[in-house]
Structures are given as C-alpha cells and as structure tokens.
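**Q** Sharing a sequence plus its predicted fold:
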Amino acid sequence: MEEKTAKFLRSLFARYYASHPPAEPRELPRREFAFMTFDGLVIRHRAFATHEELAQFMAKLGPSDAFYSSAYFEHPDEPEMRAKGWLGADLIFDIDADHVPTACKAQHDLWACRSCGRWGRGEAPARCPKCGSEELVELKWICQRCLSAAREELLKLVEVLEEDLGLNSSDMVASFSGHRGYHLRASSEEVLDMEQDERNEVVDYLMAVGLEPDLLGLRPGAVLSVDQPGWRGRIARELYSLLYGASEAELRALGLRKKAAQAILSAREAILDCLEHGKPFLVPKGVGKASLRKLFLACAKEAAVNVDPVVTRDTHRLIRMSGSLHGKTGLLKLDVPLDELEEVDPLSEAVVFRRGWAKVRITAQVPEVPVLELAGEEYGPFEPGEVVELPLQAAVFLMCKRVAELA
C-alpha cells in the first residue's frame, strides 16, 4: 500500500474511533489486545484496565485491525504465553464464505499469472495452465450470495449448539466479521474450561468428521424420521430434501450406480413416506450397503457445518473486536441478535463511511475489479489503471482490498 493511501486510511479510521469506540469485551482487563496498522506494524500483548483507555488508544493509533484474545489471563500483557496465566477461553466459531461452496465465486473471484498474464475466474489453479508458473495472484470478492450462504451455515451452527450440545443462545454472540463471513462466540461456564482436545471434538461433531452411518443405526429397517434429534434427524431431513426433487444424474453424481439410482427413484414416494412418518426405513431391491452408505454420507456432508477448525480448537485465539473496522474492507464487525440474522443486510448495515468522496486509481493485478455492492448501490466493474471518483464507502473498500490507491 502506498504511503499516501495508508496515511489517509489511518486518519479516517482514527477519526471514526474518536467518536465511535469499539464494543467493550466481556472481562476486558483479562484480555490480551493486538493491533495491526496500515503500514504493516503488528502490536501484541497489550492490556487495558478500562474501556475508556482502550477507546483512547484506538482513536490515537487508527489501527487497520483490532483484536482481543478469546482467552482470559491473569497477566494478559506478558509477552510470553506461559507467563500470562491462562484462566479459560470463550468458544469461537469462524464461518468464512470462502469455505462455503457457492456458484457466484466462478463469476467474481479472479486469478492471474504474474509470469505470462494468463488469467481466469473462480478458484486459482495450483499452477498456470499456460506456462506452469506458481506465481499467481488471486482476488477473492464478496457478494450477497456469498454472505447468505455463510449466514445459513451460522444458523445451522446455532441449531446444533442448542439442540445437540445444550448451549444456551443467551450465552452466544453472533457477528458479521466485516469481510467474508460470520463469527459466533459462546461464553457459557461449561465451555470456558474446555481444553484443545475437547474443542476439537466439538469441531468434529459439527463437521461430521468420522461419522459412520452404520454406527448411527442407519440401516435397512431402522426407524429414520425427519423429526428425530441429532445426526439421525439431520441426515433424514437432508435425505428427504434430496429425494424430493432428485434426478438420476444427481444421484449418480453422489457415486451411486445406475441400477441403484433408478431403484431409489422408483421407490421415492415410499421412502419419503417412511422419513416423514417415522416408519421403518425402506431400502428398495437393487440398493446395496455401499450405495446406502454413500447416500447417507452425502446427506451428512450437506448437513455438516462449515466452520474453521483451527479457530475453534485454539484456546489462545485472537479474534476481531466487535465494533472495530476491518482493514480489508473498511466495514464494521457488527454484532447481530440471533433472532435478526435473517433480516440483517451486512453490506448495508456494516457500512460506516457514508459521507464524502475520494478519487482512486485502480491498481488491481487482475484484469478486472468486479462489481461492488454496498448500501444498496453498485460500483464498477473497474479496469486496472482507471481513475475514478467514488463515494467514500466504495473508495475505502477498494483501497482496503488493495485494488486501488488514493489518486
């Protein structure tokens, strides 16, 4: 990032924090704080006695990003982790749209080869298909469809935590991350003392790692109902949804042989009736154990929650501060009540720089900067080298995404 752009963004963020302090974390004096600046500086192992002290620090620094520890410490400002005195940690979940399959990525994500200039849309290959170079640059974008998919994963997560693991929604805080997804923080007493292995078990359960249909009793003649709790019920609901409108090609894509796919479709109505009314599960002739297992595992994969396992298992994780600005977008990390998740539009409600204009020069290393959706308006697409004057909200986003500089 050019010095002029970094100085502009730092000043803008500092002015914002001067009048909009971040949300106060639970047990603030027990947290470690960390900050990143627009010129690349990383500040770690900071502690604050009061919210006012934290707010004043951020208003003076104007950080690009602000974090605090998921853990609680006796001495949070000690530079050595062993000396901090771990007291427990919140249970953190990170759902990134980048990890949720969506068709829109093939339209707005781009990559380009630094060596020969070949480019394409969607996920970047390991090597350039033209020259074989590994020197590729990627641009990952966000849109309403990406964030809607991430939100659906969050809703699944809340459901499993409540219904299967017994956590209370009153102890959970959901947030739009300010970039590509959502965070969920659980802080009930039963999770604070969980060690890394226990947190990893939670991840495995959510993601259906090691799930074996036979061990769940999913076999011919077993009662499998959409109303059952736990993984049996979730698999039943996904199976009902799949079979309700599945074609032979869709079942074949799951690895089923032609004979098995046709047999299932021939018995579709009877199978749906079993799932809906809790009757012994009907397995039509021609569908063997292997085909049935593939079908159940495909449903389990669809019902699994796409969380970042590294974040959840980490008992010392730094998480983005609620009410802080994201250095890659200029958008707010926004806490959202669980009962309002489906109504909130993060690309509108997390926008803070709604007044003013700025002239920027597009500096992207890919052939195009995709359309940007913010606060009900669309900007772009843009081409490298283009100079354009934009409302501040769009100009800040492009500069933070490192695809534009202040002109």
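**A** Received the coordinates, thanks. Residues are numbered from 1 along each chain as shown.
**Q** can you tell me which residues contact S69?
**A** 31-34, 76, 89, 316-319 (C-beta atoms under 8 Å, 6 or more residues apart in numbering). C-beta: built from backbone N, CA, C; applies to glycine.
**Q** Okay, and the beta partners of it?
**A** Using DSSP bridges, the bridge partners assigned to S69 are L318.
**Q** Also the one 4 residues further on?
**A** Partner residues in beta bridges with F73: W86, with DSSP bridges as the criterion.
**Q** got a list of what it touches?
**A** 30-32, 84-87.
**Q** Could you turn the buried ones of those residues into a ChimeraX selection?
**A** Typed into ChimeraX, the line below selects the buried ones among those, using 16 or more other C-beta atoms under 10 Å:
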select :30,31,32,84
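**Q** related to what we said a few turns ago, quick one: buried ones out of the contacts of S69?
**A** 31-34, 76, 89, 317-319.
**Q** Just the closest of those to K156, please.
**A** Nearest to K156 among the buried ones among the contacts of S69, counting by C-beta to C-beta, is I319 at 20.6 Å.
**Q** The closest one contacts G178, doesn't it?
**A** No: contact criterion C-beta atoms under 8 Å: I319 and G178 do not qualify, at 11.8 Å.
**Q** Could you report the pLDDT at the nearest residue to F176 once chain neighbours are set aside?
**A** In space, and not counting its chain neighbours, F176 is closest to P346: 4.0 Å by C-beta to C-beta, 6 or more residues apart in numbering. For P346, the model assigns a pLDDT of 95.
**Q** Counting neighbours, what do you get for P346?
**A** 25 (other C-beta atoms under 10 Å).
**Q** so it sits right up against L147, yeah?
**A** Yes: applying C-beta under 8 Å as the test, P346 and L147 come out as touching, 5.9 Å apart.
**Q** Find residues that contact each of these two.
**A** Common neighbours of P346 and L147 (C-beta under 8 Å, 6+ apart) are F176.
**Q** The residue nearest to F176 and K279: what is the separation?
**A** 43 Å (C-beta to C-beta, to the nearest Å).
**Q** just A236 next, same as before
**A** 12 Å.
**Q** Mind checking which of the two has more residues around it?
**A** Shown here are A236 and K279; by other C-beta under 10 Å, A236 has more neighbours (25 against 14).
**Q** Show residues contacting the helix or strand where the more buried one lies.
**A** In this assignment (DSSP states H and E), A236 forms part of helix 230-245. For helix 230-245, the external contacting residues (C-beta under 8 Å, 6+ apart) are 163-164, 208, 211, 213, 216-218, 224-228, 250, 264, 268, 271-272, 275-276, 295-296, 298-300, 302-303.
**Q** buried set for it?
**A** 231-240, 242-243.
**Q** Which elements pack onto the helix or strand that that helix is followed by?
**A** With elements assigned by DSSP H and E, the helix or strand that comes after helix 230-245 is helix 248-253. Applying 3 or more C-beta pairs under 8 Å, 6 or more residues apart in numbering; DSSP states H and E, one finds that helix 248-253 makes contact with helix 258-266.
**Q** The helix it packs on packs against which elements?
**A** Partner elements for helix 258-266 (3+ C-beta pairs under 8 Å, 6+ apart): helix 248-253.
**Q** what is the rounded mean pLDDT of the helix it packs on?
**A** Across helix 248-253, the average pLDDT comes to 91.
**Q** Okay, buried residues for that helix please.
**A** For helix 248-253, by 16+ other C-beta under 10 Å, it's L251.
**Q** So which residues lie in contact with that helix, not counting its own?
**A** In contact with helix 248-253 (C-beta under 8 Å, 6+ apart) are residues 242, 258, 260-262, 264-265, 295.
**Q** Where does pLDDT dip in the protein?
**A** Across the chain, no stretch falls below the confidence threshold (pLDDT under 70).
**Q** measure F397 to A103 for me?
**A** 23 Å.
**Q** what about these two, which has more around it?
**A** Taking neighbours as other C-beta under 10 Å, F397 and A103 compare with F397 leading, 24 against 9.
**Q** show me the contacts for the more buried one.
**A** 329-331, 372, 374.
**Q** returning to that earlier point: go through the contacts of helix 230-245 and flag which are in strands.
**A** Among those, DSSP state E puts none in strands.
**Q** Return the members of the residues you listed classed as buried.
**A** Judged by 16+ other C-beta under 10 Å, buried ones among the contacts of helix 230-245: 208, 211, 213, 216, 218, 224-226, 228, 264, 271-272, 275, 295-296, 298-300, 303.
**Q** which ones are touching L91?
**A** 70, 185-187, 191, 194, 199, 202, 312.
**Q** May I have the phi/psi pair for it?
**A** As for L91, its main-chain torsions (degrees, to the nearest 10) stand at phi -100, psi 120.
**Q** Give me the distance between it and A395.
**A** 38 Å.
**Q** repeat for D193
**A** D193 is 46 Å from A395, by C-beta to C-beta.
**Q** so what's G376 closest to, chain neighbours aside?
**A** With C-beta to C-beta, 6+ apart, the residue lying closest to G376 is S348, at 6.1 Å.
**Q** host element of that neighbour?
**A** helix 346-349.
**Q** picking that back up, go through the contacts of S69 and name the one nearest T363.
**A** Of those, the one sitting nearest to T363 (C-beta to C-beta) turns out to be A34, at 28.2 Å.
**Q** Does the closest one touch S64 like I think?
**A** No: contact criterion C-beta under 8 Å: A34 and S64 do not qualify, at 11.9 Å.
**Q** Following the helix ranked longest in the chain in sequence, what is the next regular element?
**A** In the chain, with assignment by DSSP state H, the single longest helix is helix 144-163. The helix or strand immediately downstream of helix 144-163 is strand 172-176, counting by DSSP H and E.
**Q** Could you point out the helix or strand that follows that next one?
**A** strand 181-186.
**Q** Now do the buried residues in that following strand.
**A** Here strand 181-186 shows 181-186 as buried, counting by 16+ other C-beta under 10 Å.
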